[in-house]
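K.L.:
Curious how this folds, go ahead:
(one chain, ligands or ions: 1)
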Amino acid sequence: MKIYFCGSIRGGRSDQQLYQRIVNELHRYGSVLTEHVLCSDWSGEEGPAGGDRAIHDRDLAWLQQSDVVVAEVTQPSLGVGYELGRAADMKEKKVLCLFRPSSGRALSAMIRGAADGRRLLVVDYSEEQLEAVLDRFFSSLQSV
Ligand SMILES: O=c1[nH]c(=O)n([C@H]2C[C@H](O)[C@@H](COP(=O)(O)O)O2)cc1CO
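P.N.:
Reported below is the predicted structural model:
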């Protein structure tokens, strides 16, 4: 299973340690195409030659190839919102958005309002529930 993980980079890195935990968990279910989201530099990766254009084109190709998309959406990020919008337009792409209400933020209506309970899910969770939430999501894929 190819998993495309989305998390904020230039949108802000305050959840970086949580992204690490999520990616570690995701390894139990498949290969994670976007490990570089864990990069420590807020401005993004050192980057492939070709700069932002190359990052965009490479990521969209990975998004196409992926079986599922898992996004941590608590830290608002233009890039993550864009990836989710593109994924929503890809037929039969399963998308899980993870949001922590304890952040005190309100998730964009354009993400929460896109949830259809089937192909695109938004799950409100707390960090202690992470493993159980992922387990439920990936088990539900097997039963499809
Ligand atoms: O260097 C990068 N590499 C990269 O793959 N991305 C992608 C993956 C992340 O899920 C998302 C983060 O977007 P943003 O940087 O706008 O927060 O965009 C974003 C950047 C920097 O914008």
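K.L.:
how about whatever residue of the chain ends up closest to the ligand, what does it touch?
P.N.:
Going by CB to the nearest ligand atom, the ligand is nearest to Gly79 of the chain, at 1.9 Å. Placement of C-beta: from N, CA and C, glycine included. With contacts taken as CB atoms under 8 Å, 6 or more residues apart in numbering, Gly79 has the following neighbours: 6, 8-11.
K.L.:
Contacting the ligand as well, which ones from those residues?
P.N.:
On the criterion CB under 6 Å from any ligand atom, 6, 8-11 are the entries of these that sit beside the ligand.
K.L.:
Now for those: which two are most distant?
P.N.:
The distance between the two most remote of the ones next to the ligand among the contacts of Gly79 (CB to CB) is 12.8 Å, for Cys6 and Arg10.
K.L.:
Not counting sequence-adjacent ones, nearest residue to Ser8?
P.N.:
Nearest in space to Ser8, with sequence neighbours left out and distances taken as CB to CB, 6 or more residues apart in numbering, is Ser77 at 3.5 Å.
K.L.:
how about the strands in the chain?
P.N.:
If you assign secondary structure with DSSP state E, the strands in the chain sit at 2-6, 31-32, 68-72, 94-99, 120-124.
K.L.:
so of those strands, which one's packed in deepest?
P.N.:
Highest mean neighbour count among these (mean count of other CB atoms under 10 Å): strand 68-72, with a mean of 24.
K.L.:
count of neighbours near Arg105?
P.N.:
Around Arg105 sit 13 other residues, with neighbours defined as other CB atoms under 10 Å.
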